[in-house]
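1. Take this sequence and fold it.
(one chain, ligands or ions: 1)
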Amino acid sequence: MSHLPASIDFRANVRQVPPALPAAVQKATAKFLGTRAALVDALGHDVWQALRQAGHDLRLHALDNLDRYLEQAERQVLKAGGHVHWARDAAEAQRIVLDIAGQHRARLAVKAKSMATEEIGLNQALETAGLRVLETDLGEYIVQLKGVGPAHIVVPAFHLSTEEIAALFREKLGVEAPAEAQQLTQIARVKLREEFLRADLGISGANFLIAETGTIVTVTNEGNGRMCCTVPPVHVAVVGIDKVVPDWESLTVLLKLLARSATGQKLSCYTQFISGPPRSEAETGPKELHLVLLDNGRSRILQTAETRETLLCIRCGACLNVCPVYNSVGGYAYGYPISGPTGVLFASQILGAKAAGALPFASTLCGACNDICPVKIPITDILLQLRHRVVEGDAQESAVAPYRLQLAAQLGSFALARPWLYRLGSRLLAWLQAPLRSGDWLLRLPPPFNRWTMARPFPAFAPGFRAWWRSRSHHTRGRS
Ligand code: SF4
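-> Numbering: from 1, shown residues only. Reported below is the predicted structural model:
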């Protein structure tokens, strides 16, 4: 029933990337990074760093006490008249939502943007069961019309131009659609409004779940989220267990970090709080509220000290915007609904090294993601750990890397641990590379290294590296 890929071939996916895509992605990410930087500057470096540290500490505290806070959230939701379901994996979460839909003979479900439902392939499961599922976030609506998934976790269709969207609307909706953003939004608004009124089921995710009061928090910039959660008679929120935060005070810190990092806003336009169904006839809103708490590999991630901080993520998308790999290949190359550095961390651990072993290598390890992450996730450290899992295996999984890669890693590690061998190898490489060298670069290398030089030059091997490093260390020590 799951739509999750059996295996992700990152390299094959990259070959499918349209040539015009990187420029479109870079234009969009530059805009978000620019507005974010202006707001962070306005706040001041020290204040921003203090906020990041507070965000990191309170998310870590929530993870360290996940059982307690989840049980507290469950009690509060039940007390408020909601229903709580626990889903071990994607299949179980799909079954729970299908049962709810069946009990209400639902035929149309409207959805707010939710990465958790993308992760479990909920649309496909509902459609297979005969329901019509409509994405109502404008970006999600556009990519659904196009028949693809989100290309970015915050702005799913940001790589498409208004011309492309107008052509899509003309083709799929049969309307006159000019290539003008406001008019396109108006067309979508009119179409969606009719559907909200007809829908039997509203489905959302959550940005946070407040344990103190069992409140589901959704953050959006469009009114669609509010319509999904209030107009249909039944509301189902599918929420990863990592989304729980202790209290409202924690939320105030995280909302400040999220809006600035995601879209360069002080606060998103709509922050919605759902604390149970209406308590009296006078109150409006869905008559039934279901909270589906999704594990799907998260408790396994939590058990591994080296990678558990993956779960601190607040899905702001900043690490995607700053990542040179994401900017070169866009979201679809990752083959998983969550893309970019955070997507690599989640996909590698949720799907496992066998299915997603290529992803931890889709990084330059430049560390820009570490620097920008609002909750200070050590992304590159986790990536290295995940590479280690692929090549050598660990307590979670056994090695899956091809034998030649494992052998190369072992040889490299053997040589680097023996200075005499390293020196000998350096001299040999310097001699071998001489005919290929052009200044400081190697423009063409023989197979299999030509996979690199087909796209870019390779830095020439510097035999004097050790001497340079020693003199630099000596110099630095002398100054300190
Ligand atoms: S890893 Fe950090 S920067 Fe990336 S989406 Fe998550 S919170 Fe944002």
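2. how about the strands of the stretch 151-300 of the chain, start to end?
-> Secondary structure of the stretch 151-300 of the chain (DSSP state E, counting those that start in this stretch): strands located at 201-204, 208-210, 215-220, 234-240, 244-245, 270-274, 288-294.
3. what packs against the last one?
-> What that stands for is strand 288-294. Judged by 3 or more C-beta pairs under 8 Å, 6 or more residues apart in numbering; DSSP states H and E, the packing partners of strand 288-294 are helix 66-79, strand 83-87, helix 90-103, strand 234-240. No exception for glycine: its C-beta is placed from N, CA and C like everyone else's.
4. ok, 6 Å please
-> strand 83-87, helix 90-103, strand 234-240 (3 or more C-beta pairs under 6 Å, 6 or more residues apart in numbering; DSSP states H and E).
5. What count of nearby residues applies to Val231?
-> 19 (other C-beta atoms under 10 Å).
6. ok, it - contacts?
-> Phe196 (C-beta atoms under 6 Å, 6 or more residues apart in numbering).
7. repeat that for 8 Å
-> Contacts for Val231 (C-beta atoms under 8 Å, 6 or more residues apart in numbering) come out as 110, 196-197, 199, 202.
8. which stretch of helix or strand covers the residue lying closest to Lys172 once chain neighbours are set aside?
-> In space, and not counting its chain neighbours, Lys172 is closest to Leu145: 4.7 Å by C-beta to C-beta, 6 or more residues apart in numbering. Element membership for Leu145 (DSSP states H and E) is helix 138-146.
9. Only alpha carbons, please: show that helix as PDB.
-> Taking C-alpha atoms only, helix 138-146 is exported to PDB below (Å, rounded to 0.1, in the frame of the first residue of the first chain):
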ATOM      1  CA  LEU A 138      -1.500  26.500  -3.700                       C
ATOM      2  CA  GLY A 139       1.900  25.000  -4.400                       C
ATOM      3  CA  GLU A 140       0.700  21.500  -3.600                       C
ATOM      4  CA  TYR A 141      -2.400  22.100  -5.700                       C
ATOM      5  CA  ILE A 142      -0.100  23.000  -8.700                       C
ATOM      6  CA  VAL A 143       2.200  20.000  -8.300                       C
ATOM      7  CA  GLN A 144      -0.800  17.700  -7.800                       C
ATOM      8  CA  LEU A 145      -2.200  19.000 -11.100                       C
ATOM      9  CA  LYS A 146       1.100  18.300 -12.700                       C
END
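10. Hmm, Val77 is touching Gly214, no?
-> Yes. Shown here, Val77 and Gly214 form a contact pair, counting by C-beta atoms under 8 Å, at 3.9 Å.
11. Mutual contacts of the two, please.
-> 276, 291.
12. Which element, helix or strand, includes the nearest residue to Leu312 once chain neighbours are set aside?
-> Once flanking residues are discounted, Leu312 sits nearest to Arg59: 4.2 Å by C-beta to C-beta, 6+ apart. Element membership of Arg59 [criterion: DSSP H and E] is helix 45-64.
13. Going by neighbour count, list what's buried in that helix.
-> Of all the residues in helix 45-64, those buried under the rule 16 or more other C-beta atoms under 10 Å are 48, 51-52, 54-56, 58-60, 62-63.
14. from those residues, which single one is nearest Ser250?
-> For the buried residues of helix 45-64, the residue nearest Ser250 by C-beta to C-beta is Leu58; the value is 4.7 Å.
15. show me where the stretch 101-250 of the chain has helices.
-> Ranges of helices in the stretch 101-250 of the chain, per DSSP state H, counting those that start in this stretch, are 115-119, 122-128, 138-146, 162-173, 181-198, 224-230, 248-263.
16. related to what we said a few turns ago, can I get the buried residues of helix 45-64 in TSV with pLDDT and distance to the ligand?
-> Shown next, in TSV, are these (pLDDT from 0 to 100; distance: C-beta to the nearest ligand atom, whole Å):
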residue	pLDDT	distance to the ligand
Trp48	97	14
Leu51	97	13
Arg52	98	10
Ala54	98	14
Gly55	98	9
His56	98	10
Leu58	97	13
Arg59	98	9
Leu60	98	13
Ala62	98	14
Leu63	97	13
